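**Q** Need a 3D model of the following:
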Amino acid sequence: MATRKFLTHCALVAITASVSTASAAPTLTFAVADGSVRDGLAAPKDDAPDDIIENSVAQILDIPTFEDRGIIEFNLAGLDLPVSHARLSLPAFASMGPFPFDIEVFAYPADGQLTLSDWTGGTFLRSFRYRGKEVVRLDVTSAVEAALAAGQQFIGFRFEFAEPSPIAQNGPFLAFHTVELPPPATLRINQRNAGGSMSSVVPEGVICRNLTTGQSVTINANAGDARDCAAAGLDLRRGDLIIQTLPESAQ
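**A** Numbers count the residues shown, from 1 in each chain. Now for the predicted structure:
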């Protein structure tokens, strides 16, 4: 099985009106492996994974005949402690109720590939109640800190239904966008420099600039990830370097 050997770093320049001491700029990373691991459907549903579903969406589903667990992995190479905040942004591709339903999230040491072993293991991180939102955003700071402290190169997140559904056909599910069906999931990590501080940050807009292609667009100052830049019309491709800067009039 081929590994998707790419990593897009979007270095986001700190947007500030005054900075007393330099603080590290956030890093935005696209998923390097994503999809689903399945138990059942063409085989008995017995809590032992049977198939890898890649080049598609990351689907989460648990009905009487089969279960899909969504898998998303990120490369942590080049990142160090300390971490002040880490946020996972998951654009929803499609979903079906009845809503709401609860999804459990596990973090595990990953290898940058979608494999049957992703079905289980790791540490329970949290659960969230899904009601049909377009983007699910989760604080995963503790998981990223633990992974970096352990020297992991990759971190994986597994998503599964907290309770199976009794609905045999057209049951509830949630599917996230993937690298093959963008916009993919992103992991935004803020690293902390000792003594750094920021204040008085109220710009009206932020410039997204693709340093690889030279294209730039402006987004709302409250936005802050690659999805916001792409929604405003910025073309994003594998390997592109992106920065966000404050307009000169507001600096």
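**Q** Name all residues that make contact with residue 134.
**A** Residue 134 sits next to 91, 92 when contact means C-beta atoms under 8 Å, 6 or more residues apart in numbering. Just so you know, the C-beta spots here come from the backbone N, C-alpha and C atoms, and that holds for glycine as well.
**Q** From residue 118, how far out is it?
**A** 25 Å (C-beta to C-beta, to the nearest Å).
**Q** ditto for residue 50
**A** Taking C-beta to C-beta, one finds residue 50 at 13 Å from residue 118.
**Q** which residues are in contact with stretch 89-102?
**A** By C-beta under 8 Å, 6+ apart, stretch 89-102 touches 57, 72, 127-138, 161-163, 165, 170-178, 181, 183-188, 225, 227.
**Q** Taking these, please make a PyMOL selection of just the buried ones.
**A** Of the contacts of stretch 89-102, the buried ones can be selected in PyMOL as follows, counting by 16 or more other C-beta atoms under 10 Å:
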select buried, resi 57+72+128+130+136+138+161+165+171+172+173+174+175+176+177+178+181+183+184+185+186+187+188+225+227
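**Q** and the contacts of stretch 89-102, which of them are in strands?
**A** Among the contacts of stretch 89-102, the members found in strands (DSSP state E) are 72, 127-130, 135-138, 161, 173-176, 186-188.
**Q** higher neighbour count, residue 50 and residue 118?
**A** A count of neighbours by other C-beta atoms under 10 Å puts residue 118 above the other of residue 50 and residue 118, at 27 against 17.
**Q** so where is the stretch 51-200 of the chain shaky, pLDDT-wise?
**A** 193-200 (pLDDT under 70).
**Q** all helices of it, in order?
**A** 141-149 (DSSP state H, counting those that start in this stretch).
**Q** quick one: which helix or strand includes residue 208?
**A** Using DSSP states H and E, residue 208 falls within strand 205-210.
**Q** Check which strands are paired with the helix or strand just after that strand and give the direction for each one.
**A** Downstream of strand 205-210, the first helix or strand assigned by DSSP H and E is strand 216-220. Next to strand 216-220 in the sheet, as set by DSSP bridges, lie strand 205-210 (antiparallel).
**Q** Identify the residue nearest residue 231 in space, chain neighbours excluded?
**A** Leaving aside its sequence neighbours, residue 231 sits nearest to residue 219 (C-beta to C-beta, 6 or more residues apart in numbering; 7.8 Å).
**Q** again but with residue 154, I slipped
**A** That would be residue 110: by C-beta to C-beta, 6+ apart, it lies 3.9 Å from residue 154.
**Q** dump the residue contacts of that neighbour.
**A** Residues near residue 110 by C-beta under 8 Å, 6+ apart: 33, 73, 74, 118, 152, 154, 155, 156.
**Q** what's around residue 218, how many residues?
**A** Residue 218: 16 surrounding residues under other C-beta under 10 Å.
**Q** Wait, it touches residue 232, no?
**A** Yes: under the criterion of C-beta atoms under 8 Å, residue 218 makes contact with residue 232 at 7.0 Å.
**Q** list residues touching both of the two?
**A** In contact with both residue 218 and residue 232: residue 208, using C-beta under 8 Å, 6+ apart.
**Q** now residue 188: how far from residue 87?
**A** Counting by C-beta to C-beta - residue 188 and residue 87 are separated by 5 Å.
**Q** Secondary structure element holding the nearest residue to residue 51 once chain neighbours are set aside?
**A** Leaving aside its sequence neighbours, residue 51 sits nearest to residue 38 (C-beta to C-beta, 6+ apart; 4.4 Å). Per DSSP H and E: residue 38 is located in strand 33-40.
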